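# structure for this input, please:
(one chain, ligands or ions: 1)
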Amino acid sequence: MSHLHNTLAPELPDPLDLTHHLSRSTRAREASSVKEFYKYFAIPGIGQLAGGLPNDKYFPYDTLEAKVAHPNRWKPSSPNDPVDPPTDKPASASKSKDGPSAARLLVPHDSGNPDPLKMIDLKSALQYGTAQGYPSLYSFIRQFTRENLHPAVPYKGGPEVILTCGSTDGFSKTIQALSDEWSAEHDPVNERPGLLVEEYCYMNAVQTAKPRGLNIVPVAMDEEGMLAEGKGGLRDVLENWDFSRGRRPHLMYTVTIGQNPTSGTLSVARRTELYALCVKYDIVIIEDDPYWYIQFPSSSASSKAPKPNKGSGFEFLDSLIPSYLSLDYQGRVVRLDTFSKTMAPGCRLGWITAQPALIERILRITETSTQQPSGFVQAMVAELIMGPQSSSDPGRGGAADGSGWKVDGWVRWLEGLRGNYERRMDAMCNVLSDGKHLIRARRRNLSAQAADEDEWTIVETTKIYDFVRPLGGMFVWVRFDFSTHPLRWQVPAARLSQALWVLWTRKPYLCLVAPGRMFAATEEIARKDAFNCFRLCFAACPAEEVKAISQRFVDGAQAFWRIKSKERIDELLGEDAEMGSVVGGDASLALLTGMC
Ligand SMILES: Cc1ncc(COP(=O)(O)O)c(C=O)c1O
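All right, here's what the predicted structure looks like:
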């Protein structure tokens with residue numbers, strides 16, 4: 001337990017006992033009898049006859065080596081000034097005053113460290129291990145989480161962590177822990193569990209929960225995220241719950257920063273209102289926050305990013321809107337973190353942070369499912385950040401001198417990433433802002449020969465779409481107004497929307513955007529509203545192409561608003577149907593879904 005939590009402990013309440021929310025199978029789980037032996041493995045000189053471990057001398061990997069970035073590879077954005085030069089090519093390998101941009105990482109076969117918390121080597125990482133994660137990496141993440149990311153979680157003892165194979169895995173285990181499977185054929189309806197979600201949400205979560213029989217219950221949202229009050233807001237949904245649908249939901253899935261897909265960022269004030277309702281109705285909040293570090297001060301209306309007094313030790317971390325954990329005096333928040341957006345999705349590495357009793361149950365689920373994330377990944381990440389743990393350790397970390405990035409380096413890396421994404425967001429939003437309106441002009445003086453601007457007069461300005469500059473994340477959510485399209489009386493809006501999507505995929509526009517219906521929490525939302533919306537992801541675009549691609553999106557939209565013949569719409573949709581077997585329809589949607 002950290003010093004920090006020891007000193008705060010006397011005033012803080014114990015986390016609530018949430019056993020009543022555990023699923024039957026999770027309640028019944030017992031500690032893996034094999035894993036219980038692990039603590040004895042570390043006894044110096046003990047003859048190892050108990051475990052069924054293969055011999056590490058026969059692992060075919062002698063070392064793992066890689067060329068890796070220095071933590072300062074990318075330029076951070078200064079608050080409210082993101083438009084510094086977009087030099088996001090890796091700095092040249094030639095020497096600069098910071099040294100070469102890449103370091104040589106080496107994970108040795110044997111680090112020579114007897115202490116499991118300092119051991120980063122293949123003989124341990126590629127062996128069977130403990131379900132909470134590779135001890136050295138687990139202890140780094142635990143400390144970073146408790147002391148830097150969320151230094152003020154207001155319950156006694158603070159939170160515990162467990163490593164996962166990414167947030168998808170974290171969510172799946174959390175849902176397994178906290179809900180029983182339900183089926184209409186076998187179970188009474190009053191036992192049906194429910195999951196509250198934003199009305200537009202990350203569909204992987206819905207696709208995890210729905211097959212378990214959970215009611216997917218949308219909550220209305222605005223540009224920040226979930227609404228606490230008002231029609232369709234959380235209070236309305238819970239107070240007026242129709243019990244013929246099942247139990248009042250006891251779980252909430254929410255993405256609070258740079259929400260996928262709407263890019264909303266939930267303020268502390270809104271979180272406080274929502275948390276109070278979750279206390280009142282005994283709801284567990286699953287906060288999935290892959291975009292937390294990618295918060296954009298330049299989009300904030302106030303001249304400075306909010307600075308809650310968190311005392312993480314890092315100005316960058318202090319400037320981020322704090323997690324739900326910082327309000328969580330009852331221990332009802334399960335937070336999912338991932339390395340997918342800060343290192344690489346293929347790492348399949350993340351962690352869950354929650355009150356210790358819940359983490360213990362998730363540990364039991366882990367013991368009999370994934371056991372732990374891949375040892376290759378854990379060793380590579382641990383060596384990169386932590387580096388060799390003694391002077392005789394032959395490993396090399398990610399810093400220029402062969403030590404690890406350490407916490408400072410990791411935070412610097414996160415700041416650099418934020419800078420790169422903020423510059424892309426800025427470039428895209430500037431182009432989108434300029435292209436919102438379709439302007440029709442005509443000559444003021446028809447006899448005039450010169451085409452001077454003075455001779456033209458604007459006769460009509462039509463707003464074709466709108467969007468809110470994101471305060472975080474990787475997406476821009478663009479909402480169209482098909483009621484301003486010239487064919488609005490002849491062609492239903494959903495059909496216009498589909499034709500517009502097709503037009504964008506054609507020359508000269510050539511851009512693929514994600515249609516809103518991919519993220520609609522229910523069929524009703526898909527039918528009534530989703531066709532108005534599209535999600536644009538600026539993250540993967542090469543920096544030098546963001547403007548041009550965004551301009552093609554705008555040009556396509558403007559060209560679409562100039563279409564006056566219904567036949568052209570039919571033609572576009574017909575062409576798409578023909579392409580269906582190759583890339584169209586569900587196939588292309590599946591591809592986009594795969595892209596998250
Ligand atoms: C909201 C959200 N949660 C989870 C994920 C997937 O995370 P992971 O790769 O850690 O499973 C994504 C990926 O796009 C996401 O947007």
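
# my read is that Arg332 contacts Leu16, right?
Yes: under the criterion of C-beta atoms under 8 Å, Arg332 makes contact with Leu16 at 6.4 Å. Just so you know, the C-beta spots here come from the backbone N, C-alpha and C atoms, and that holds for glycine as well.

# these two: which is more packed in?
Arg332 (24 against 19; other C-beta atoms under 10 Å).

# please name the nearest non-neighbouring residue to the more buried one.
In this structure, Arg332 finds its nearest non-sequential neighbour in Val284, 5.2 Å apart by C-beta to C-beta, 6 or more residues apart in numbering.

# what residues does the one you found make contact with?
By C-beta atoms under 8 Å, 6 or more residues apart in numbering, the residues touching Val284 are 18, 21, 178, 250-252, 278, 332-334.

# list the buried ones in stretch 198-211?
Within stretch 198-211, the residues that count as buried by 16 or more other C-beta atoms under 10 Å are 198-206, 208-209.

# what distance separates the start and the end of that stretch?
Distance across stretch 198-211, first residue to last, is 19 Å (C-alpha to C-alpha, to the nearest Å).

# ok, it near the ligand or not?
Yes: Stretch 198-211 is in contact with the ligand by C-beta under 6 Å from any ligand atom, via Tyr202.

# circling back: which one of the buried residues of stretch 198-211 is nearest to the ligand?
Here the nearest of the buried residues of stretch 198-211 to the ligand, counting by C-beta to the nearest ligand atom, is Tyr202; it sits at 3.9 Å.

# contacts only, for the closest residue to that closest one other than its chain neighbours.
Spatial nearest neighbour of Tyr202, excluding adjacent residues (C-beta to C-beta, 6+ apart): Asn260 at 4.6 Å. Applying C-beta under 8 Å, 6+ apart, we find Asn260 in contact with 201-202, 290-291, 473-475, 519, 535, 596.

# which of the residues you listed has the most neighbours?
Going by other C-beta under 10 Å, Gly473 tops the contacts of Asn260 with 29 neighbours.

# now do the phi/psi pair for the residue lying closest to that residue once chain neighbours are set aside.
Distance criterion C-beta to C-beta, 6+ apart; nearest residue to Gly473, sequence neighbours excluded, is Gly258 at 1.7 Å. Backbone torsions of Gly258, given as degrees, to the nearest 10, read phi 50, psi 50.

# could you measure Gly258 against Glu11, distance?
Counting by C-beta to C-beta, to the nearest Å, the gap from Gly258 to Glu11 is 34 Å.

# quick one: which of the two has more around it?
Each of Gly258 and Glu11 has its neighbours counted (other C-beta under 10 Å); Gly258 has more, 27 against 7.

# do I have it right that that one meets Val476?
No: Gly258 is beyond contact range of Val476, at 10.3 Å (criterion: C-beta under 8 Å).

# overlap of the contact sets of those two?
Counting by C-beta under 8 Å, 6+ apart, the residues touching both Gly258 and Val476 are Pro470.

# which residues of this structure lie near the ligand?
Within the chain, the residues that sit near the ligand (C-beta under 6 Å from any ligand atom) are 166-168, 202, 255, 260, 288, 290, 338, 340, 345, 350, 596.

# go with 8 Å
Within the chain, the residues that sit near the ligand (C-beta under 8 Å from any ligand atom) are 164-171, 202, 204-205, 255, 259-260, 288-291, 336, 338-341, 345, 348-350, 596.

# narrow the residues you listed to those in strands?
164, 288, 336, 338, 350 (DSSP state E).

# what's the neighbour count on the first one?
Read that as Thr164. 27.

# before we move on, back to that, which residues pair with the residue nearest to Arg332 across the strands?
Note on Val284: beta-bridge partners by DSSP bridges are Leu251.

# tell me if I'm right that Gly419 and Trp74 touch.
Yes: assessed by C-beta under 8 Å, Gly419 is found in contact with Trp74 at 5.9 Å.

# quick one on the thing from earlier: got a list of what the residue nearest to Gly473 touches?
Counting by C-beta under 8 Å, 6+ apart, Gly258 makes contact with 264-265, 291, 294-295, 470-475.

# run the last query once more with 7 Å
By C-beta atoms under 7 Å, 6 or more residues apart in numbering, Gly258 lies in contact with 265, 291, 294, 470, 472-475.

# just those: which are in strands?
Among those, the members falling in strands (DSSP E) are Phe475.

# list the residues that contact the nearest residue to Glu229 once chain neighbours are set aside.
Closest residue in space to Glu229, ignoring its immediate chain neighbours: Arg235 at 5.8 Å, by C-beta to C-beta, 6+ apart. By C-beta under 7 Å, 6+ apart, Arg235 lies in contact with 228-229, 277.

# of the residues you listed, just the buried ones, PyMOL syntax please.
Remark: buried members of the contacts of Arg235, expressed as a PyMOL selection using 16+ other C-beta under 10 Å:
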select buried, resi 228+277
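
# which phi and psi does the nearest residue to Pro356 once chain neighbours are set aside have?
Leaving out its chain neighbours, the residue that sits closest to Pro356 by C-beta to C-beta, 6+ apart is Glu160, at 4.1 Å. The phi/psi pair for Glu160 (degrees, to the nearest 10) reads phi -110, psi 160.

# just Gly194 next, same as before
Per degrees, to the nearest 10, the backbone of Gly194 is at phi -130, psi 150.

# state the distance from it to the ligand.
Per C-beta to the nearest ligand atom, to the nearest Å, Gly194 is found 20 Å from the ligand.

# number of residues surrounding that residue?
23.

# so what's it up against?
214-215, 217, 246-249.

# Val478 too?
Here Val478 is in contact with 432, 465, 467, 533-534, 536 (C-beta under 7 Å, 6+ apart).

# can I get whichever strand or helix holds Phe316 in PDB? Just the C-alpha atoms.
Assigned by DSSP states H and E, Phe316 belongs to helix 315-318. Below are the C-alpha coordinates for helix 315-318, written out as PDB (Å, rounded to 0.1, in the frame of the first residue of the first chain):
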ATOM      1  CA  GLU A 315       1.500  19.200 -15.000                       C
ATOM      2  CA  PHE A 316       0.300  17.200 -18.000                       C
ATOM      3  CA  LEU A 317      -1.600  14.600 -16.000                       C
ATOM      4  CA  ASP A 318      -3.000  17.300 -13.700                       C
END
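
# what packs against that helix?
With contacts taken as 3 or more C-beta pairs under 7 Å, 6 or more residues apart in numbering; DSSP states H and E, helix 315-318 sits against helix 406-434.

# for the record, mean pLDDT for the helix it packs on?
Mean per-residue pLDDT for helix 406-434: 96.

# same deal with stretch 195-205?
Mean predicted lDDT for stretch 195-205 stands at 97.

# for it, measure first residue to last.
10 Å.

# so what touches it?
168, 171, 206, 209, 214-221, 225-226, 237, 249, 251-255, 259-262, 288, 516, 518-521, 525, 593.

# with stretch 558-576 instead?
So stretch 558-576 is in contact with 435, 438, 462, 464, 485-487, 490-491, 495-496, 498-500, 502-503, 584, going by C-beta under 7 Å, 6+ apart.
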